[in-house]
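Asker: turn this into a model:
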Amino acid sequence: MTTTYVIDGAGIHTPEDFWTALGEAVNGPGGYFGKGLDSLTDCLRGGFGTPDDGSYVFEWRDHAASRRALGHPGTARYLEGVFSRCHYTNRERVAEELARARAGRGPTLFDMLTGAFTDAAPAVLRLL
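Answerer: Residues are numbered from 1 along each chain as shown. Now for the predicted structure:
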């Protein structure tokens with residue numbers, strides 16, 4: 001039997017909303033399932049609430065609303081936070097990503113999130 005986790009995209013307006021919705025979909029109220037791209041990848045690879053046998057899917061409902069909210073302006077806000085706490089060896093790369101996001105270019109946070117799903121657990125994400 002496949003377990004389905006539902007992410008309500010209509011309620012996602014910020015990156016924090018996404019992490020909350022994702023954590024609660026998997027692990028209930030106040031649940032955790034990543035708070036950044038690296039931790040999301042770790043969680044998708046197992047041991048953080050999903051079935052060990054990989055029999056699960058995520059349905060990201062109303063993903064178009066999330067795509068808008070996590071577009072370039074939202075990505076810039078996210079990257080500002082990343083920049084403020086990243087290791088000095090990553091500052092130049094993050095600054096370049098931030099400049100692109102502020103200019104409305106490059107991948108959005110939505111793109112990065114869906115890419116993390118695809119890379120870590122192919123075929124578990126359904127955009128509805």
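
Asker: next one: Leu79 from Asp53, what distance?
Answerer: Separation of Leu79 from Asp53 (Cβ to Cβ, to the nearest Å) stands at 36 Å. For the C-beta atoms, the positions are set from N, CA and C on the backbone; glycine is no exception.

Asker: the more surrounded of those two?
Answerer: Leu79 (24 against 9; other Cβ atoms under 10 Å).

Asker: how's the protein carved up into domains?
Answerer: 1-63+108-128, 72-107 (automatic domain parsing).

Asker: winner for burial among these?
Answerer: Highest mean neighbour count of those: domain 1-63+108-128, a mean of 17 (counted as mean count of other Cβ atoms under 10 Å).

Asker: any idea how far it is from the middle of the chain?
Answerer: 7 Å (Cα atoms, centre = their mean, to the nearest Å).

Asker: that domain: end-to-end distance?
Answerer: 21 Å (Cα to Cα, to the nearest Å).

Asker: now that domain: average pLDDT?
Answerer: Domain 1-63+108-128 shows a mean pLDDT of 94.

Asker: grab the most central residue of this structure for me.
Answerer: Leu113 (3.7 Å; Cα atoms, centre = their mean).

Asker: is it true that that one touches Thr41?
Answerer: No: using Cβ atoms under 8 Å, Leu113 makes no contact with Thr41, being 10.5 Å away.

Asker: shared neighbours of these two, anything?
Answerer: By Cβ atoms under 8 Å, 6 or more residues apart in numbering, Leu113 and Thr41 have no common neighbours.

Asker: ok, Ala21 - contacts?
Answerer: Counting by Cβ under 8 Å, 6+ apart, Ala21 has contacts 7-8, 11-12.

Asker: can I get those residues in CSV with secondary structure and distance to Val57?
Answerer: Formatted as CSV, those follow (DSSP: H, G, I helix; E, B strand; the rest coil; distance: Cβ to Cβ, whole Å):
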residue, secondary structure, distance to Val57
Ile7, strand, 11
Asp8, strand, 15
Gly11, helix, 19
Ile12, coil, 18
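
Asker: contacts only, for Gly74.
Answerer: 14-15, 108-109.

Asker: alright, that wraps it up for me.
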